[in-house]
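> Would you be able to build a 3D model of this:
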Amino acid sequence: MSDPIPLPLAALHADLGGKMVPFAGYSMAVQYPAGVMAEHLHVRSKAGLFDVSHMGQVIVRGDGAAAALEALIPVNVMGLGEGRQRYGLLTLPDGGVADDLMFANRGDHLFLVVNGAMKHQDMEILRAGLPGLSVEMLEDRALLALQGPSAETVLEALVPGVAALRFMDVATLAWNGADLWISRSGYTGEDGFEISVPVDRAEALARAILADDAVLPIGLGARDSLRLEAGMPLYGQDLTAEISPVEADLAWAIQKVRRTGGDRAGGFPGADRILAELDGGPARRRAGLRPEGRAPMRAGVALYASETDAQPCGIVTSGGFGPTVGAPIAMGYIPADIAPGTILFGDVRGKRLPVAVAELPFHQPRYKR
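Coordinates of the predicted model:
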């Protein structure tokens with residue numbers, strides 16, 4: 001196994017006391033001296049800065065780029081207005097998910113942000129599926145995320161104009177001579193921004209943001225607990241090549257125009273399975289789970305309908321403690337007909353412990369619409 005790759009802001013993480021761990025092939029901070037709990041709560045109350053430069057930033061250019069991308073994802077790309085961003089899914093021929101991503105219409109090109117662990121595989125899919133188009137992975141830009149209720153005030157002071165952006169707007173704004181590609185989005189359930197910045201200006205921008213007393217640096221630990229509270233799936237755990245978008249409770253991301261009866265229905269990998277599940281319902285679904293007591297149920301815990309059943313009925317795919325919720329929370333896959341409030345039993349080290357099926361999210365997102 002090769003050594004993890006340092007990110008452009010490695011020196012800054014060292015200065016901030018980041019505890020570095022391997023993640024998606026990179027060396028990343030799992031936490032800083034404040035600790036995961038304090039970092040999580042700070043994002044919910046003020047603002048936190050995340051270094052997500054491991055993510056893949058991709059430019060797609062050429063005539064018919066939007067129509068071509070629609071052949072790879074079950075999303076309305078052609079109807080996305082300039083200066084807007086949307087969530088999408090690269091699907092596989094059997095209806096599973098190759099990756100989830102964000103894509104933006106930046107006028108003369110599409111800008112995609114894909115998961116760091118999957119970006120090289122995604123590039124193979126994109127290049128094979130978009131013949132005749134330019135598909136370029138950017139290596140000269142870092143990616144920061146500023147999240148939390150104070151994010152707008154903090155960033156507007158540095159980059160005038162961001163306050164005018166709505167949720168899922170994108171814009172290019174200048175900071176000290178550098179072009180920042182900014183979207184009003186994130187993966188915490190809070191208002192905030194993702195900022196693509198030239199690598200040679202990334203550290204200066206990060207330090208300028210962190211100079212505001214409202215901002216703390218945030219590591220992978222709090223990033224995971226924040227997205228879990230917000231009910232957001234993590235690729236590789238809650239989303240995989242075997243799980244369909246409908247099973248993953250992501251049907252909201254498939255617009256009417258791409259569904260049965262829509263003007264551009266189907267035409268994407270796995271359409272037969274995905275459209276059938278949209279029309280008739282999946283056999284299983286991603287659901288929230290609330291373990292009783294204080295012990296978290298982690299990914300991989302088998303779920304049973306009773307304390308004595310021999311065969312599991314589901315599995316936990318993400319789990320931990322929810323600092324805002326003040327209790328353990330989890331997500332997993334269960335039969336689609338099991339209603340919220342039903343008590344299941346998770347096998348934790350040989351003991352069957354009760355866990356209630358719950359609605360998602362655990363924390364209601366607070367976006368600027």
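> In stretch 218-238, which of the residues would be classed as buried?
The neighbour-count check on stretch 218-238 (16 or more other CB atoms under 10 Å) flags 218-235, 237-238 as buried. Quick note: C-beta positions are derived from backbone N, CA and C, even for glycine.
> whoops, I mixed them up, stretch 243-260
Result for stretch 243-260 [16+ other CB under 10 Å]: buried residues 243-251, 253-255, 258-259.
> Please report phi then psi for the closest residue to residue 141 other than its chain neighbours.
Among residues not flanking residue 141 along the chain, residue 196 sits closest, at 5.0 Å (CB to CB, 6 or more residues apart in numbering). Dihedral angles of residue 196 (phi, psi; degrees, to the nearest 10) stand at phi -90, psi 120.
> partners of residue 196 in the sheet?
Here residue 196 sits in beta bridges with residue 143, residue 181, as judged by DSSP bridges.
> Now do the same contact list for it.
By CB atoms under 8 Å, 6 or more residues apart in numbering, the residues touching residue 196 are 57, 138, 141-143, 180-182.
> Also residue 151?
47, 190-193.
> Can you name the helix or strand that the one residue sitting closest to the centre of the chain falls in?
Nearest to the mean C-alpha position of the chain, by CA atoms, centre = their mean, lies residue 187 at 5.0 Å. Per DSSP states H and E: residue 187 is located in neither a helix nor a strand.
> didn't it look like it was pressed against residue 232?
Yes - using CB atoms under 8 Å, residue 187 is in contact with residue 232, at 5.7 Å.
> which residues in the protein form helices?
10-15, 36-45, 65-70, 119-129, 151-158, 199-210, 220-229, 271-280 (DSSP state H).
> Quick one: closest of the ones you listed to residue 298.
helix 220-229 (11.3 Å; CB to CB).
> State the mean pLDDT of the closest one.
Helix 220-229 comes out with an average pLDDT of 98.
> Does anything pack onto it? Which helices or strands?
strand 26-31, helix 36-45, strand 314-322, strand 327-335 (3 or more CB pairs under 8 Å, 6 or more residues apart in numbering; DSSP states H and E).
> export that helix as PDB, just CAs?
The C-alpha trace of helix 220-229 is given here as PDB (Å, rounded to 0.1, in the frame of the first residue of the first chain):
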ATOM      1  CA  LEU A 220     -13.000  14.300   9.300                       C
ATOM      2  CA  GLY A 221     -14.500  13.200  12.600                       C
ATOM      3  CA  ALA A 222     -16.900  16.100  12.800                       C
ATOM      4  CA  ARG A 223     -17.400  16.000   9.100                       C
ATOM      5  CA  ASP A 224     -18.800  12.500   9.500                       C
ATOM      6  CA  SER A 225     -21.000  13.200  12.500                       C
ATOM      7  CA  LEU A 226     -22.400  16.400  10.900                       C
ATOM      8  CA  ARG A 227     -23.400  14.700   7.600                       C
ATOM      9  CA  LEU A 228     -24.900  11.700   9.600                       C
ATOM     10  CA  GLU A 229     -27.100  14.000  11.600                       C
END
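> for it, the distance to its chain's centre please.
10 Å (CA atoms, centre = their mean, to the nearest Å).
> List of residues touching the one helix or strand in the chain whose mean pLDDT sits lowest?
Lowest by mean pLDDT, DSSP states H and E among the helices and strands of the chain is strand 5-6, with a mean of 89. Among residues not part of strand 5-6, those counted as contacts by CB under 8 Å, 6+ apart are 25-27.
> Cool, thanks, talk later.
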